[in-house]
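Participant: need a 3D model of the sequence below.
(chains A and B)
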Protein chains: 2
Amino acid sequence: MNKIVIHFATGNGHKVKEAKMVLEPFNIDLTWKKTVLEEIQSDSLEEIAIHSLKRGNFGPWTIVEDTGLFIEELNGFPGPYSSYVVKTLGNEGILKLLRESTSRKAYFKSIIALLLPNKEIKMFEGKTLGVIAREIRSPETGWGFDPIFIPDEGNGKTYSEMGKEKNEISHRAKAFKNLGLWLKNEFNNRNRT
Amino acid sequence: MNKIVIHFATGNGHKVKEAKMVLEPFNIDLTWKKTVLEEIQSDSLEEIAIHSLKRGNFGPWTIVEDTGLFIEELNGFPGPYSSYVVKTLGNEGILKLLRESTSRKAYFKSIIALLLPNKEIKMFEGKTLGVIAREIRSPETGWGFDPIFIPDEGNGKTYSEMGKEKNEISHRAKAFKNLGLWLKNEFNNRNRT
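Facilitator: Okay, the predicted model is just below:
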């Protein structure tokens, strides 16, 4: 079976690194198409990803990925605006907003949109439930909201306190695994026919 | 002189009402083109407005307007994402974020983008400096962040506590006055030649 090549359109090198590790076992080669994506304002990650993919004038087998942290007590904030909120309020801001909250439930969601040769778009999702920590932990090893997100599956550690284990349970890893499984199956079928 | 007709593309009826009042003395007739605009994620109101105007397939003399509240201590947050932040965090969220802050300085900025018959885009700006109140005031008469914004020019009242006086000093009123002045001058010159 030939190696499958997928192009990841993103400006974020962290994401590429994480995705490469997940896709490797599927015999998928991920190339980084370094791009500034056009992202619309929307509550829906799906809508944002589809828009970015369509507007980018990309070739087939290109993916874009969008992630959001959705905090229950804050009506889903910061949602799709995570990178802006990291930059302005930071993790400190999120902790302030939740100081008197009884629930700290949150989830991370990742959406991948893949452009097929027939111009159709196929979507993949990954979601990880968890809670927001009461303090910032290990900020030096995590980016974004990693230092304050404790996944339910993570033995009480924040994303930033995990090593490679993060890639077993993270929202993005799940989305990329779904992509990997689908691609593997798809290419196996193609080679058979 | 003929009445000048301008089309305001927006989904927000509040904005149309405010703008009509400001443009009336300039003999400008404002029609509401009720639309859901495509808005991109950007730190720049100018970039968002230009994008929305270009993507909308509008005729000449159409305007779009975008507004942001920029809070100094929060690195400009919520900026262009004001409507999302009103919906999720609300005014309570902003007060929480500023609870221990020494500075409460903020400004409201409004940007209008006008599509000219030659397809060029002309921009108008209005800005009002102020501070964030320590409590929510008169929420029933104001929308958005009006109940927590005290303009420096407003005798200590929040936007929501003002009646028509808001239209003397508000960021949006200033932007629409700039638009009105320019249009009046432009049409006078056209009629003369």
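Participant: okay, now the nearest residue to A:Val86 once chain neighbours are set aside: neighbour count?
Facilitator: Leaving aside its chain neighbours, A:Val86 sits nearest to A:Gly144 (5.3 Å; criterion: CB to CB, 6 or more residues apart in numbering or on different chains). Yep, even glycine has a C-beta here, placed from its N, CA and C like the rest. Here the neighbour count serves as a burial measure; for A:Gly144 (other CB atoms under 10 Å in any protein chain shown) it reads 20.
Participant: ok, A:Lys174 next?
Facilitator: Should you count by other CB under 10 Å, A:Lys174 turns out to have 21 residues around it.
Participant: which stretch of helix or strand covers it?
Facilitator: A:Lys174 is located in helix A:171-192, with elements delineated by DSSP states H and E.
Participant: who are the contact partners of A:Trp58?
Facilitator: Check again: residue A:58 is Phe, not Trp. A:His7, A:Ala9, A:Lys33, A:Leu115 (CB atoms under 8 Å, 6 or more residues apart in numbering or on different chains).
Participant: my read: A:Phe26 touches A:Trp182, true?
Facilitator: No: taking CB atoms under 8 Å as the contact criterion, A:Phe26 and A:Trp182 are not neighbours in contact, 9.7 Å apart.
Participant: and these two? Which one has more around it.
Facilitator: A:Phe26 (19 against 14).
Participant: need phi/psi at that one.
Facilitator: Geometry field for A:Phe26 lists phi and psi as phi -90, psi 0, criterion degrees, to the nearest 10.
Participant: repeat that for A:Leu129.
Facilitator: Backbone dihedrals for A:Leu129, given as degrees, to the nearest 10, come out at phi -80, psi 150.
Participant: likewise A:Ser103?
Facilitator: Backbone torsions of A:Ser103, given as degrees, to the nearest 10, read phi -100, psi 140.
Participant: skip the chain neighbours and tell me the closest residue to it.
Facilitator: Nearest non-adjacent residue to A:Ser103, counting by CB to CB, 6+ apart: A:Glu73, 5.2 Å away.
Participant: list the contacts for the one you found?
Facilitator: A:Leu98, A:Ser101, A:Thr102, A:Ser103, A:Arg104, A:Lys105.
Participant: can you check A:Asn75 too?
Facilitator: B:Lys87, B:Thr88, B:Leu89.
Participant: reformat those as CSV; add secondary structure, pLDDT and distance to B:Phe149.
Facilitator: As requested, the contacts of A:Asn75 are exported to CSV (DSSP: H, G, I helix; E, B strand; the rest coil; pLDDT from 0 to 100; distance: CB to CB, whole Å):
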residue, secondary structure, pLDDT, distance to B:Phe149
B:Lys87, helix, 94, 17
B:Thr88, helix, 96, 18
B:Leu89, coil, 97, 15
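Participant: which pair in the contacts of A:Phe58 spans the largest distance?
Facilitator: Spatially, the most separated pair among the contacts of A:Phe58 is A:Lys33 and A:Leu115, at 11.4 Å (CB to CB).
Participant: quick one, helices of chain A?
Facilitator: Shown for chain A, the helices assigned by DSSP state H span residues A:13-23, A:45-55, A:82-88, A:90-97, A:166-169, A:171-192.
Participant: export those to TSV and tack on distance to A:Lys109?
Facilitator: TSV is the format used below for the helices of chain A (distance: least, CB to CB, whole Å):
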stretch	distance to A:Lys109
helix A:13-23	14
helix A:45-55	6
helix A:82-88	10
helix A:90-97	16
helix A:166-169	14
helix A:171-192	6
